[in-house]
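Q: Have a look at this fold, sequence not included:
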């Protein structure tokens, strides 16, 4: 019996093991790369704040990456709240296109968009343009244009309602926390047993 007790691992050995495991998982937690950032709206046709001769035939949104093909929605709202969007959003590469119904009147329009980012997170935002006259005109076939702006004028940049997601990934945090809790419980049990034996 004495040999058995003598050969049992000491409390200091368990403590050293627990400290080692804690250091390993703490290092993994601190060195984990930040979560990938959401895609961004990089341009639009019409550009935000643009003044057109007439309402466009379609609205184009260009993103920093290709958004998912599902869950996309673009509303083109006139001043009275009427949505002039016609049909579903069409996504080709990193550009989402929303057609407008014929007969869109002159006035100020607000474009409200929502797409699923390539990292599977939904992103959304708004921008606006003005049509000086009615009737629809064909949207430019070229890529998104950027209208020149005066110094200090930031109206051409589309608004992106994007949350900051630069924290650590939950896929790393949750397992690490679970392991650390398990190590703490193990230490507590060992200390309690040693106190009873003492």
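A: That came through fine. Because the structure is predicted, anything quoted here is derived from the model rather than measured.
Q: in the chain, which spans are helices?
A: Remark: helices assigned in the chain by DSSP state H are 2-7, 11-31, 170-197.
Q: Report how many residues lie close to residue 107.
A: The local packing of residue 107 (other C-beta atoms under 10 Å) involves 14 other residues. The way it works is simple: take the backbone N, C-alpha and C, and place the C-beta from them, glycine included.
Q: and it, what is it in contact with?
A: 78, 79, 130, 131 (C-beta atoms under 8 Å, 6 or more residues apart in numbering).
Q: Quick check: the first one vs residue 192, distance?
A: So that's residue 78. Using C-beta to C-beta, to the nearest Å, we find residue 78 at a distance of 72 Å from residue 192.
Q: if you count what's nearby, which of these two comes out ahead?
A: Per other C-beta under 10 Å, whichever of residue 78 and residue 192 has more neighbours is residue 78, with 17 against 10.
Q: pretty sure that one is touching residue 84, no?
A: Yes. At 6.2 Å, residue 78 counts as touching residue 84 under the criterion of C-beta atoms under 8 Å.
Q: what sits in contact with each of the two?
A: Shared contacts of residue 78 and residue 84, counting by C-beta under 8 Å, 6+ apart, come down to 104, 109.
Q: what helices or strands is the longest strand along the chain leaning on?
A: Longest strand in the chain, counting residues (DSSP state E): strand 122-137. With contacts defined as 3 or more C-beta pairs under 8 Å, 6 or more residues apart in numbering; DSSP states H and E, strand 122-137 has these neighbours: strand 41-45, strand 50-56, strand 107-116, strand 159-161.
Q: Quick one: mean pLDDT over the third one.
A: By that I understand strand 107-116. Per-residue pLDDT over strand 107-116 has a mean of 96.
Q: Could you check that strand and say which residues are buried?
A: 109, 111, 112, 113, 114, 115, 116 (16 or more other C-beta atoms under 10 Å).
Q: if we take these, which one ends up nearest to residue 56?
A: residue 109 (9.0 Å; C-beta to C-beta).
Q: Tell me the spacing between that closest one and residue 49.
A: Per C-beta to C-beta, residue 109 is found 11 Å from residue 49.
Q: What is the burial count for residue 50?
A: If you count neighbours by other C-beta under 10 Å, residue 50 ends up with 18.
Q: wait, isn't it in contact with residue 127?
A: No. If you go by C-beta under 8 Å, residue 50 and residue 127 don't touch, sitting 9.3 Å apart.
Q: how many neighbours does residue 58 have?
A: For residue 58, using other C-beta under 10 Å, the count is 19.
Q: so it bridges to which residues?
A: For residue 58, the residues forming beta bridges with it (DSSP bridges) are residue 99.
Q: Tell me if I'm right that it and residue 96 touch.
A: No. Between residue 58 and residue 96 there is no contact under C-beta under 8 Å: 10.3 Å.
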